[in-house]
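Student: What would the 3D arrangement of this be:
(one chain, ligands or ions: 1)
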Amino acid sequence: MSDPMELKAKLGLDVFKPGPKPHITIKPGMEKDPRLKKAILVCPAGLYSENENGAVTLTIDGCLECGTCRIACGKDVLDWNYPDGGAGVQFRFG
Ligand code: SF4
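Tutor: Numbering: from 1, shown residues only. As a prediction, the model looks like this:
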(Lines give C-alpha, C1' and ligand atoms only; values in the text may rest on other atoms or scores of the structure.)
Protein backbone atom coordinates (compact mmCIF):
# COMPACT_ATOMS: atom_id res chain seq x y z
CA MET A 1 0.00 0.00 0.00
CA SER A 2 1.48 3.31 -1.01
CA ASP A 3 1.65 6.33 1.23
CA PRO A 4 -0.80 9.01 0.06
CA MET A 5 1.47 11.81 1.27
CA GLU A 6 3.76 13.23 -1.34
CA LEU A 7 7.30 14.32 -0.53
CA LYS A 8 6.46 18.02 -0.32
CA ALA A 9 3.63 17.36 2.08
CA LYS A 10 5.96 15.34 4.28
CA LEU A 11 8.62 18.03 4.19
CA GLY A 12 5.96 20.58 5.08
CA LEU A 13 5.54 18.87 8.45
CA ASP A 14 9.15 19.55 9.45
CA VAL A 15 10.05 22.58 11.52
CA PHE A 16 13.08 24.74 10.76
CA LYS A 17 14.63 26.97 13.37
CA PRO A 18 16.97 29.53 11.83
CA GLY A 19 20.33 30.09 13.44
CA PRO A 20 22.14 33.41 13.79
CA LYS A 21 23.79 32.84 10.39
CA PRO A 22 23.26 30.40 7.50
CA HIS A 23 24.98 27.08 8.13
CA ILE A 24 25.68 26.56 4.43
CA THR A 25 26.87 29.33 2.15
CA ILE A 26 28.14 29.56 -1.39
CA LYS A 27 31.71 30.77 -1.24
CA PRO A 28 32.11 34.33 -2.52
CA GLY A 29 32.85 34.45 -6.22
CA MET A 30 31.76 30.85 -6.82
CA GLU A 31 28.11 31.57 -7.62
CA LYS A 32 28.55 30.78 -11.32
CA ASP A 33 30.84 27.79 -10.86
CA PRO A 34 29.50 24.82 -12.87
CA ARG A 35 29.99 22.50 -9.88
CA LEU A 36 27.26 24.36 -8.02
CA LYS A 37 24.66 23.51 -10.66
CA LYS A 38 24.67 19.91 -9.42
CA ALA A 39 23.05 21.14 -6.21
CA ILE A 40 20.02 22.36 -8.16
CA LEU A 41 19.46 18.79 -9.30
CA VAL A 42 20.26 16.88 -6.11
CA CYS A 43 19.01 18.96 -3.18
CA PRO A 44 15.92 17.06 -1.98
CA ALA A 45 14.43 20.22 -0.53
CA GLY A 46 14.90 22.23 -3.74
CA LEU A 47 16.78 25.05 -2.03
CA TYR A 48 19.16 25.87 -4.88
CA SER A 49 18.16 27.77 -7.97
CA GLU A 50 19.80 29.62 -10.84
CA ASN A 51 18.92 33.25 -11.44
CA GLU A 52 18.69 35.08 -14.76
CA ASN A 53 22.40 35.96 -14.57
CA GLY A 54 23.46 32.32 -14.33
CA ALA A 55 24.38 32.59 -10.65
CA VAL A 56 23.29 29.83 -8.29
CA THR A 57 21.51 30.99 -5.15
CA LEU A 58 20.69 29.11 -1.95
CA THR A 59 17.76 29.69 0.38
CA ILE A 60 18.80 27.90 3.55
CA ASP A 61 15.41 27.82 5.30
CA GLY A 62 14.14 24.26 4.89
CA CYS A 63 17.53 22.56 4.78
CA LEU A 64 17.36 18.89 5.78
CA GLU A 65 21.06 18.77 6.75
CA CYS A 66 21.46 15.72 4.51
CA GLY A 67 24.87 16.72 3.14
CA THR A 68 23.99 15.87 -0.45
CA CYS A 69 25.05 19.26 -1.78
CA ARG A 70 28.35 18.98 0.07
CA ILE A 71 29.12 15.67 -1.61
CA ALA A 72 27.87 16.73 -5.04
CA CYS A 73 29.54 20.15 -5.24
CA GLY A 74 32.56 19.91 -2.97
CA LYS A 75 34.13 22.17 -0.40
CA ASP A 76 35.74 24.45 -2.97
CA VAL A 77 32.38 26.05 -3.72
CA LEU A 78 30.39 25.53 -0.52
CA ASP A 79 31.09 26.39 3.09
CA TRP A 80 29.11 23.62 4.77
CA ASN A 81 28.53 23.26 8.51
CA TYR A 82 25.84 21.86 10.74
CA PRO A 83 23.66 24.50 12.40
CA ASP A 84 24.43 25.69 15.90
CA GLY A 85 22.77 23.74 18.71
CA GLY A 86 19.03 24.39 18.93
CA ALA A 87 18.82 25.53 15.30
CA GLY A 88 18.08 23.62 12.12
CA VAL A 89 15.57 20.99 11.12
CA GLN A 90 13.25 19.11 13.43
CA PHE A 91 11.80 16.11 11.62
CA ARG A 92 8.13 15.45 12.20
CA PHE A 93 7.51 12.52 9.89
CA GLY A 94 9.67 9.40 9.95
S1 SF4 B 1 22.22 19.71 3.08
FE2 SF4 B 1 20.66 18.64 1.82
S3 SF4 B 1 18.75 19.78 2.12
FE4 SF4 B 1 20.42 21.09 2.88
S5 SF4 B 1 20.91 22.42 1.13
FE6 SF4 B 1 22.30 20.61 1.02
S7 SF4 B 1 21.26 19.10 -0.30
FE8 SF4 B 1 19.73 20.66 0.32
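Student: in the protein, which spans are helices?
Tutor: Secondary structure of the chain (DSSP state H): helices at 7-11, 37-42, 68-73.
Student: Deepest-packed of those, please.
Tutor: Ranked by mean neighbour count, the helices of the chain are led by helix 68-73 with a mean of 18 (mean count of other C-beta atoms under 10 Å). Every residue, glycine included, has its C-beta placed from N, CA and C.
Student: Quick one: residues in contact with it.
Tutor: Residues outside helix 68-73 that contact it (C-beta atoms under 8 Å, 6 or more residues apart in numbering): 24, 35, 36, 38, 39, 41, 42, 43, 44, 48, 78, 80.
Student: Go again with 6 Å.
Tutor: By C-beta atoms under 6 Å, 6 or more residues apart in numbering, the surrounding residues in contact with helix 68-73 are 35, 36, 38, 39, 42, 43, 80.
Student: and of those residues, the nearest to the ligand?
Tutor: Distances from the ligand to these, taken as C-beta to the nearest ligand atom, are shortest for residue 43 (3.4 Å).
Student: Roughly how far does the closest one sit from residue 20?
Tutor: 23 Å (C-beta to C-beta, to the nearest Å).
Student: Touching, residue 84 and residue 17? I think so.
Tutor: No. Using C-beta atoms under 6 Å, residue 84 makes no contact with residue 17, being 9.8 Å away.
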